[in-house]
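# Using only what follows, build the 3D model:
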Amino acid sequence: MNKVVRTPLTTTLVTALLFASQAVLAQETSREDKHYIGLMATTFNHRTIGETTKETAWGTGGTLVVGGHITDLFHAELRAGGGFKGAEVPDSDLTLTVDYFASWYMGLHYPITDYANLYGQFGFSYIHGEAEITNPAADRNKPFLDLEGEFPDSGFSVSWIAGLDFEVMDDTYLVFEGGKLFKDTGSDVNTFQFSGGLRYEF
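Okay, here's the model as predicted:
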């Protein structure tokens, strides 16, 4: 008789303790209403360059990120960045440079472990850059003459990013991500961004 009474009582107590500990853990790891700042090294991958050649070239830059967690799963952020080294297009005298860009994103992040998160975000970017051809008279540069001058022709574009972060210290995350920065509707050049760096939440 006592055994029958104790078993449901023990089960109820264990269940209550488990729920209580999960609630405390959720409170400790909650990211809602937190803000964050990040600094990342970025590479720009320009694709489909030229009317017929469809070349690919790589440039480098940096990105500053400032954002906040709206809930435990959703976030919004602003980004600003620019290029350090222009992308030299193979078999030509064309260099594509991203002088600066600014982006706004809304995103969703999902914890896959206690210390790692997957995230994806969608938004819009403004980009200002330059396409320079040092020897426009050369035959090898003919497929790229339409690009010379301000680049891209269309400064505003849809952008998206997918990434992974790891908490390496309290509130400090190592970040790896990639996505599309812009598509130039004038020249059909697609530019992707790949970044890695640190983000601090507070």
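# So what does the most centrally placed residue in the chain look like in phi/psi?
With distances taken as C-alpha atoms, centre = their mean, residue 161 lies nearest the centre of the chain, 4.3 Å away. As for residue 161, its main-chain torsions (degrees, to the nearest 10) stand at phi -140, psi 140.
# before we move on, what about residue 144?
In terms of degrees, to the nearest 10, the main-chain angles of residue 144 are phi -110, psi 0.
# Can you give me the domain boundaries for the chain?
1-30, 32-201 (automatic domain parsing).
# Contact partners for the residue nearest to the centre of the chain?
105, 107, 120-121, 177-179, 193 (C-beta atoms under 8 Å, 6 or more residues apart in numbering). (Glycine included, C-beta is placed from N, CA and C.)
# Could you check the pLDDT of it?
Note on residue 161: pLDDT of 98.
# quick one, helices of this structure?
Secondary structure of the chain (DSSP state H): helices at 2-29.
# Okay, now the unreliable bits of the protein?
1-29 (pLDDT under 70).
# Show me where it has its strands.
35-49, 55-69, 74-85, 87-88, 94-111, 116-133, 149-151, 156-169, 172-183, 190-201 (DSSP state E).
# Run me through the strand neighbours of the fifth one, direction for each.
In this case it means strand 94-111. Using DSSP bridges, the strands paired with strand 94-111 in its sheet are strand 74-85 (antiparallel), strand 87-88 (antiparallel), strand 116-133 (antiparallel).
# hmm, back to that, do you know which of the strands of the chain lies nearest residue 141?
With respect to residue 141, and counting by C-beta to C-beta, the nearest of the strands of the chain is strand 116-133 at 5.2 Å.
# quick one: buried residues of that closest one?
117, 119, 121, 123, 125, 127, 129-131, 133 (16 or more other C-beta atoms under 10 Å).
# I'd like those residues as TSV, with distance to residue 153 appended.
TSV is the format used below for the buried residues of strand 116-133 (distance: C-beta to C-beta, whole Å):
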residue	distance to residue 153
117	36
119	31
121	25
123	21
125	15
127	11
129	11
130	12
131	10
133	16
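# measure the residue nearest to residue 30 when sequence neighbours are not counted to residue 169 for me?
Ranked by C-beta to C-beta, 6 or more residues apart in numbering and with sequence neighbours excluded, the top spatial neighbour of residue 30 is residue 72, at 5.8 Å. The gap separating residue 72 from residue 169 is 20 Å, by C-beta to C-beta, to the nearest Å.
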